[in-house]
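S.K.: task: produce atomic coordinates for the following.
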Amino acid sequence: MAGKIKYGMLGGGPDAFFGEVHRKAAALDGGIELVAGAFSSSSEKSKAQGELLGLDSNRVYGSFEEMAETEASLPEEDRIDFVSIVTPNFLHHPMAKAFMEKGIHVVCDKPLTTTLEDAEDLCMLTKEKDLVFAVTYTYTGYPMVKQARKLVSGGELGEIRKVVVEYPQGWLATALEEEGMKQAVWRTDPKQAGISSCIGDIGTHAENMSAYVTGLEMEEIIADLNTFVDGRKLDDDGNVLVHYSNGARGIVYASQISIGEENGLRFRVYGTKAALEWHQENPNYLYMKTADGPEKVFKRGNGYLEDIAQQNTRLPNGHPEAFIEALANIYVNATNTMIAKKEGRKPSEKDLDYPTVQEGAKGINFIAKTVESSKKKAWTSIKYDPPC
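M.R.: I've put the predicted structure just below:
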C-alpha cells in the first residue's frame with residue numbers, strides 16, 4: 001500500500017501521560033502517521049495539543065462525536081484508517097462504537113470497557129463491520145514473551161501443571177487521589193474505572209499474559225480482593241487462585257500497594273518437562289529450567305529464537321528493547337492486518353499476532369468474575385466464549 005497508514009487519537013491531551021507513549025510507539029517504525037485527534041473533553045486543551053503536535057487545525061476536534069462524523073465524510077484517501085483510544089475506561093465503549101459504526105478500525109487501551117455487555121457489543125460490531133480491533137495488552141508484544149508462547153505450544157515444557165503470574169506495584173500505597181493526581185483519581189473512581197481498580201487496571205494484564213503464553217482457559221477461580229487505603233472506593237490489592245481447563249493450577253496476584261515495587265509483572269510456567277520464567281523489568285531474557293540440567297537463558301535478538309520473536313525485534317542482540325517497542329509491535333501487527341484487508345488479501349499469521357477484541361472481552365469477564373468471587377468468598381465459574 002502506498003503511503004503511511006493514518007490514524008487519529010482520542011485522549012492523550014496536554015496533561016496526559018500514556019497518550020504520548022502511544023504516539024511514540026505508533027511512530028516508531030515510520031509507517032503510521034497521526035493526522036487527527038480529539039485529545040481532551042476541553043476544546044481548548046484539544047486544540048493546544050493539536051498545535052503542539054503540528055496537526056492541521058481543521059482535524060483537531062472538540063469531541064469524539066464530531067471527529068467520527070467529520071473523518072468518515074472525508075475521501076477514503078484522506079480519512080483516518082483507525083482511531084487510537086487512550087482515555088479512562090468509561091469512555092472506551094462509546095468512543096469505539098462511534099468510529100466502528102463509520103467503518104473505522106480501532107486500537108483501544110485496556111480494559112476494553114467497564115461492563116461485559118459493552119464489551120460484547122464491541123465484539124459483535126467488530127464481526128458485523130469486518131474491522132480490526134486491537135486491545136493494547138502491551139506486554140504480549142515483547143519478543144521473549146512470544147518466544148515463551150512458542151516454547152509452550154511446541155511442547156517444550158510438557159503438560160502444564162502450574163501457572164503463576166504476578167503484577168505488583170506500589171504507587172497507590174497512599175491516597176494519591178486525594179492529592180489530585182490525575183492517574184490516581186480516575187483509576188480509583190468507580191464512575192470512570194468501573195467495578196475494580198487493581199484487578200481492572202493491572203490484574204487484567206496478568207490474566208491476559210497467562211492466556212497468551214500458555215493457551216489455557218481459566219475454568220474457575222476464587223478471589224480475595226482488598227482495599228487497604230482508607231476511604232478508597234475500589235480494590236487496591238488482589239489474590240486469585242485459578243483452576244485451568246487442563247487441570248493445571250494457578251495463582252494471579254496483582255497489587256497497587258506493594259511498597260517498593262515499580263512495574264513488577266512476572267510469569268512462571270511449570271510443566272512436566274521444564275519451566276519458564278520472565279520478568280517485565282528485565283524483558284530481554286527468558287529463563288528455562290529443567291529437573292536435571294543447567295538453566296538455559298534465551299536472549300532477545302539472536303538467530304536461534306523462533307521466527308515470531310525475531311520478527312518482533314528491531315535491534316541486534318545486546319542492545320536492549322523495552323516497553324515502547326513492545327507497544328509498537330501491537331500497532332505494527334494490527335495495522336499490517338488493516339492493510340491486508342484494504343488490499344483484499346489474507347493477513348499473515350504473524351501479522352494477526354495482536355490482542356483482539358475477543359481477548360478484551362475475556363479480560364472484562366475476568367474482572368467481573370473476580371469481583372463476584374471475592375464478594376461471595378467462593379469458587380466461581382469463569383468459563384466464557386465471546387459472542388464473535
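S.K.: all helices for the chain, in order.
M.R.: Along the chain, counting by DSSP state H, helices occupy 18-27, 43-53, 64-73, 92-100, 116-129, 143-153, 182-187, 190-193, 198, 204-214, 307-311, 323-342, 357-376.
S.K.: between these, which one is nearest to Ser255?
M.R.: Ser255 lies closest to helix 198 among those, at 6.5 Å (C-beta to C-beta). In short, each C-beta sits where N, CA and C put it, glycine included.
S.K.: roughly how far is that closest one from the heart of the chain?
M.R.: 15 Å (C-alpha atoms, centre = their mean, to the nearest Å).
S.K.: about what we covered before: point out the most buried one among the helices of the chain.
M.R.: Counting by mean count of other C-beta atoms under 10 Å, helix 198 has the highest mean neighbour count of those, with a mean of 27.
S.K.: what lies in contact with that helix?
M.R.: Helix 198 is contacted by residues 225, 234-238, 254-256 when judged by C-beta atoms under 8 Å, 6 or more residues apart in numbering.
S.K.: so which of those residues wins on neighbours?
M.R.: Ala254 (30 neighbours; other C-beta atoms under 10 Å).
S.K.: how near is the residue lying closest to it once chain neighbours are set aside to Gly194?
M.R.: For Ala254, ignoring the flanking residues on the chain, the nearest one in space by C-beta to C-beta, 6 or more residues apart in numbering is Gly203 at 3.7 Å. For Gly203, the distance to Gly194 (C-beta to C-beta, to the nearest Å) stands at 12 Å.
S.K.: need the overlap of contacts for the two.
M.R.: Ile367.
S.K.: these two: which has the busier surroundings?
M.R.: Legend: neighbour count by other C-beta under 10 Å for Gly203 and Gly194, higher for Gly203 (31 against 26).
S.K.: so who does Trp186 touch?
M.R.: Counting by C-beta under 8 Å, 6+ apart, Trp186 has contacts 88-89, 192-193.
S.K.: any low-confidence regions in this protein?
M.R.: Within the chain, the segments meeting pLDDT under 70 span 1-2.
S.K.: domains in this protein, by residue range?
M.R.: 5-139+329-356, 140-310+361-381 (automatic domain parsing).
S.K.: quickly name whichever of the contacts of helix 198 is closest to Val357.
M.R.: Ala254 (22.5 Å).
S.K.: show me what contacts that closest one?
M.R.: 166-168, 198-199, 202-203, 206, 237-238.
S.K.: go on, Ala248?
M.R.: 160-163, 214, 216.
S.K.: turn these into a markdown table, columns for distance to Asn263.
M.R.: Shown next, in a markdown table, are these (distance: C-beta to C-beta, whole Å):
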| residue | distance to Asn263 |
| --- | --- |
| Ile160 | 26 |
| Arg161 | 28 |
| Lys162 | 24 |
| Val163 | 20 |
| Thr214 | 22 |
| Leu216 | 25 |
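S.K.: nearest to Ile5 among those residues?
M.R.: Thr214 (32.3 Å).
S.K.: doesn't Val163 make contact with the closest one?
M.R.: Yes. Using C-beta atoms under 8 Å, Thr214 is in contact with Val163, at 5.8 Å.
S.K.: picking up where we left off before, need the domains of the chain in a markdown table (columns: distance to Pro316).
M.R.: Formatted as a markdown table, the domains of the chain follow (distance: least, C-beta to C-beta, whole Å):
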| stretch | distance to Pro316 |
| --- | --- |
| domain 5-139+329-356 | 16 |
| domain 140-310+361-381 | 5 |
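S.K.: what separation do you get for Glu51 and Lys383?
M.R.: Counting by C-beta to C-beta, the gap from Glu51 to Lys383 is 50 Å.
S.K.: Ala248 too?
M.R.: Separation of Ala248 from Lys383 (C-beta to C-beta) stands at 15 Å.
S.K.: ditto for Ser63
M.R.: Separation of Ser63 from Lys383 (C-beta to C-beta): 39 Å.
S.K.: hang on, the earlier thing: of the domains of the chain, which approaches Glu321 most closely?
M.R.: Using C-beta to C-beta, these put domain 140-310+361-381 closest to Glu321, at 6.5 Å.
S.K.: for my notes, please list the helices of the chain in JSON lines and give distance to Val106 for each entry.
M.R.: Formatted as JSON lines, the helices of the chain follow (distance: least, C-beta to C-beta, whole Å):
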{"stretch": "helix 18-27", "distance to Val106": "13"}
{"stretch": "helix 43-53", "distance to Val106": "19"}
{"stretch": "helix 64-73", "distance to Val106": "11"}
{"stretch": "helix 92-100", "distance to Val106": "5"}
{"stretch": "helix 116-129", "distance to Val106": "8"}
{"stretch": "helix 143-153", "distance to Val106": "23"}
{"stretch": "helix 182-187", "distance to Val106": "21"}
{"stretch": "helix 190-193", "distance to Val106": "20"}
{"stretch": "helix 198", "distance to Val106": "26"}
{"stretch": "helix 204-214", "distance to Val106": "17"}
{"stretch": "helix 307-311", "distance to Val106": "23"}
{"stretch": "helix 323-342", "distance to Val106": "9"}
{"stretch": "helix 357-376", "distance to Val106": "8"}
